[in-house]
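Peer 1: no FASTA, just this:
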């Protein structure tokens, strides 16, 4: 079914919080999902599966601040930090990500990081597919994103200066009905059951409305 | 053309009032509408464009039920209000967001609706949240009658007489809206669809247009029903009464989170308001026409205050104090006093010992006659930016910003029960934002992240244990739950008015102040608090009618006064 962008942004964010993510991470994962949908990729499924599996990585090895290896990479928990570190890096950045639980969500995060921080980000997956997100938001390469448990090498470098930002002109997004329902269930975990006491304090309470 | 930049070297301005003076709820909760308010901006645009409102559809029966369409063009784009009026049993009439039926419902449609569009909207609009909308539908709204006044006005007009003035004055509207939804809710268009269009780029312009058109519909509706009842004796509402009839609104906590979750937007609103004030205060000598205008405006403000009476004892006491203080301000402003250098700067300084209500009324007053100097600033009030993290920032710099901009949050003693007793949450009941007491109510584990003081204090404790040359990226790798508060703190460096500098979970936090602040930016007046969590207001009282946009007074309606001819 078709939804407004803002409806889905809000749903992704709430579902992320409902799944147990801190609100700041849920906001960025929502943006990653929307970036995918705007590029005709399955951002709805990526977000749902990403936030449904919040298992911490097994191990992280850091030779230095520019070279990182993460085993059993959890896209929802580790993905934002990987791009934060890439952004903060003062020299070309590389990470080896082993057994990625949700490669598609990682691609969405690459999309927002590239445009937010003017980066060129390349992901080369173990199944030989690869693509590059440019700082203007455009994507080059094979967009067939591998399934879960693929490995990837992520490289990052400053993007070309003064690039015109890609602007998503789509005004609606398509989300699968089943996925939508599952996201709604997660989002509902952020709602507090109503009580008579809480009702009495809301707008319009305490007056006759036929005045 | 009025320069539109916040800091334009061609325009003299004094120093802005700093955020730690302005961004407190007791002051924000005393704001008045100004000429920078969104309703005023919209009506100025409509008047400048000589916009003409047409009514291509009027299918309303003699009881006042049916559908109507109003259309107008703004900068080449046509917008139509599609209105549905339906019978509503008294036991279903409620202003609460939890209502499921209303006297009337509306969509602001992008263009001219076809018969198919009208059929679709007729099916969905009266259902409101339970309906489904599409991207041609820009705004969704509903309104309930003030049954008392609506029936009275029908009865009077049908009998050939004007309604009772005291009723008009005490109520002030025929209908009150209970929700005005925009930006993608329930499938309606995202703001991005219209944000680049002339006339729609400012904050809430589509919402304000909707409400102004609804107001006109209520005028037409009441006259239609009265005329249908007795065609022979019917008289139309006189212009003074009609102009005074605005649109009521019941506003609750749903509006409050916006001020916290849109820090850049709030910064821009505040920055424009403060910049406008700083420009006016820098005027060295008041010209005679401005002095005359100020004197007339003061007289109007006095009348407005006299006509502003509410049942809430706290607000009424504030109004009574304001009446006295404002009289003393008028006494101060002799001809000689006004002719001395920098009159507006002196005025703002001289009232600084008076109540916040009086200080902020004076702010709105001195802005009013200076449209040529400040109106262009309204172009700076919108923003499509969201706060972005700066992962490369050193923890030393982050700490420095935190200490500089959040010292108010560090001073709150969260060990005290009263400083942490409230929690903001979303109720499962129509997803209404509410406020609970964490010591007495369940659900605190699901609170919204408005505990800014708590987050700031926890963050600085961790920052003190980390090397200051580490980056924010390293911090968030270790403590990912700080992502949002770090982003807020970084945002505050570029957007100094982005944060309310009060503890929003403390017992002393009064949400009504957040509501009044936001509503004043809309242009609302006659704040009528019904508790510390919701208020009634009126919108567009005194505003031009559909056929008055061409008049010279189209922008002269700051603070409504009943009985004012124009």
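Peer 2: All right, it came through fine. Predicted model, so just to flag it, every value in this text is computed and none were measured. Residues are numbered from 1 along each chain as shown, chains lettered A, B, ... in the order given.
Peer 1: Please count neighbours and contacts with C-alpha atoms only from this point.
Peer 2: OK.
Peer 1: Walking through the chain, point out its strands one by one.
Peer 2: Since no chain was named, I'll use chain A. A:2-4, A:59-64, A:67-71, A:93-100, A:119-125, A:130-133, A:139-141, A:150-158, A:172-174, A:191-192 (DSSP state E).
Peer 1: that's the wrong chain, I wanted chain B
Peer 2: In chain B, the strands defined using DSSP E lie at B:54-60, B:66-74, B:77-85, B:104-110, B:137-145, B:173-181, B:246-251, B:422-427, B:433-437, B:525-529, B:535-539.
Peer 1: between those strands, which gets nearest to residue B:479?
Peer 2: Among these, strand B:422-427 comes nearest to residue B:479, with 23.0 Å by C-alpha to C-alpha.
Peer 1: Report all helices and strands that that closest one contacts.
Peer 2: strand A:191-192, strand B:433-437 (3 or more C-alpha pairs under 8 Å, 6 or more residues apart in numbering or on different chains; DSSP states H and E).
Peer 1: which of these has the lowest average pLDDT?
Peer 2: Of all the helices and strands packed on strand B:422-427, the minimum mean pLDDT falls on strand B:433-437 (a mean of 91).
Peer 1: Remind me what that one packs against, helices and strands.
Peer 2: So strand B:433-437, by 3+ C-alpha pairs under 8 Å, 6+ apart, packs with helix A:196-199, strand B:422-427.
Peer 1: please redo it, this time with the cut-off set to 6 Å
Peer 2: If contacts are counted by 3 or more C-alpha pairs under 6 Å, 6 or more residues apart in numbering or on different chains; DSSP states H and E, strand B:433-437 sits against strand B:422-427.
Peer 1: Run through the chain and note the low-pLDDT ranges.
Peer 2: In the absence of a named chain, chain A is used. Residues of chain A meeting the criterion pLDDT under 70: A:65, A:142, A:161-170, A:200-211.
Peer 1: that's the wrong chain, I wanted chain B
Peer 2: Applying pLDDT under 70 to chain B picks out residues B:1-7, B:564-566.
Peer 1: Where is the longest helix in it?
Peer 2: helix B:205-229 (DSSP state H).
Peer 1: Which residues of the stretch 51-200 of chain B lie near chain A?
Peer 2: Selection of the stretch 51-200 of chain B residues close to chain A by C-alpha under 6 Å from any C-alpha of the partner chain yields B:94, B:95, B:96, B:146, B:147, B:148, B:184, B:187.
Peer 1: which ones are touching the last one?
Peer 2: For residue B:187, the contacting residues are A:3, A:4, B:133, B:134, by C-alpha atoms under 6 Å, 6 or more residues apart in numbering or on different chains.
Peer 1: before we move on, back to that, could you dump the strands of chain B into CSV with mean neighbour count added?
Peer 2: Shown next, in CSV, are the strands of chain B (neighbours: other C-alpha atoms under 10 Å in any protein chain shown):
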stretch, mean neighbour count
strand B:54-60, 14
strand B:66-74, 20
strand B:77-85, 24
strand B:104-110, 27
strand B:137-145, 26
strand B:173-181, 23
strand B:246-251, 26
strand B:422-427, 23
strand B:433-437, 21
strand B:525-529, 22
strand B:535-539, 23
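Peer 1: I'd like to know which of those strands is closest to residue B:331.
Peer 2: Closest to residue B:331 of the strands of chain B is strand B:525-529 (C-alpha to C-alpha; 24.6 Å).
Peer 1: hmm, that closest one in reach of chain A?
Peer 2: No: Strand B:525-529 lies out of reach of chain A by C-alpha under 6 Å from any C-alpha, never closer than 10.2 Å.
Peer 1: tell me the angle of that strand relative to strand B:246-251?
Peer 2: 40 degrees (axes from the mean of the first three to the mean of the last three C-alpha atoms, to 10 degrees).
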